[in-house]
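In: Provided below are the primary sequence and the corresponding predicted coordinates.
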Amino acid sequence: MKRCVIIPLLTLGCFSYTIYAQRVDSVKINQDSVYKNPEVIAMHPKGKDYLRTYIEQNINPAIPVENGAPEGKYTVQIALLVDTIGKISVAALTNLGYGMEKEAIRIMKKLPIFIPARQNGFPVKSLQIVPVLFWISKGFN
């Protein structure tokens, strides 16, 4: 009997911040730009580490098994676009099939409003890539 284990990989990394004194009227923020590496990343209201817990608690690991996925490790890449008020848009960047992207998108769409990213102290749109690992093996009981 095949089983599936989900291991969300969050590659948020370590960030350091440098503060520069500058006049507020000299700061230019393009509200239409999407920041991949803002000064302060967008995050779940319960903290940056909670997204992993949320995925583990809400994803259905049986979906790829039920759809006939062969044994192996599959990494689904999900793009989270967080706007300036924290609203999330979700898209799959991979197309592995077996219902994996659909399942990852399903749970990501249920996320609450995020705390938006900030650049020079202002909220900005940001993009985060969330890898979700499906590990399918016959060896689990």
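Out: Great, that's in hand.
In: from here on, just use CA atoms for contacts and neighbour counts.
Out: OK.
In: what's the host helix or strand of Ile107 packed up against?
Out: In this assignment (DSSP states H and E), Ile107 forms part of helix 100-108. The contact analysis (3 or more C-alpha pairs under 8 Å, 6 or more residues apart in numbering; DSSP states H and E) places helix 100-108 against helix 63-66, strand 72-82, strand 88-92.
In: the lengthiest strand in the chain - contacts with which helices or strands?
Out: The residue-count maximum for a strand in the chain (DSSP state E) belongs to strand 122-137. When contacts are defined as 3+ C-alpha pairs under 8 Å, 6+ apart, strand 122-137 sits against strand 3-8, strand 34-35, strand 72-82, strand 117-119.
In: just want the angle from the helix holding Ile107 to strand 72-82.
Out: Relative orientation of helix 100-108 and strand 72-82, computed by axes from the mean of the first three to the mean of the last three C-alpha atoms, to 10 degrees: 40 degrees.
In: numbering from 44 from now on, please.
Out: Fine by me, first position is 44 from now on; the one you just mentioned is helix 143-151.
In: can you give me every residue that contacts Pro113?
Out: Pro113 is in contact with Ile179, counting by C-alpha atoms under 8 Å, 6 or more residues apart in numbering.
In: returning to that earlier point: tell me the angle the longest strand of the chain makes with strand 131-135.
Out: 40 degrees.
In: strand 165-180: how far from the chain's middle?
Out: On the basis of C-alpha atoms, centre = their mean, to the nearest Å, strand 165-180 sits 2 Å off its chain's mean C-alpha point.
In: quickly run through the sheet partners of it, with directions.
Out: Applying DSSP bridges, strand 165-180 is found paired with strand 46-51 (antiparallel), strand 77-78 (parallel), strand 115-125 (antiparallel), strand 160-162 (antiparallel).
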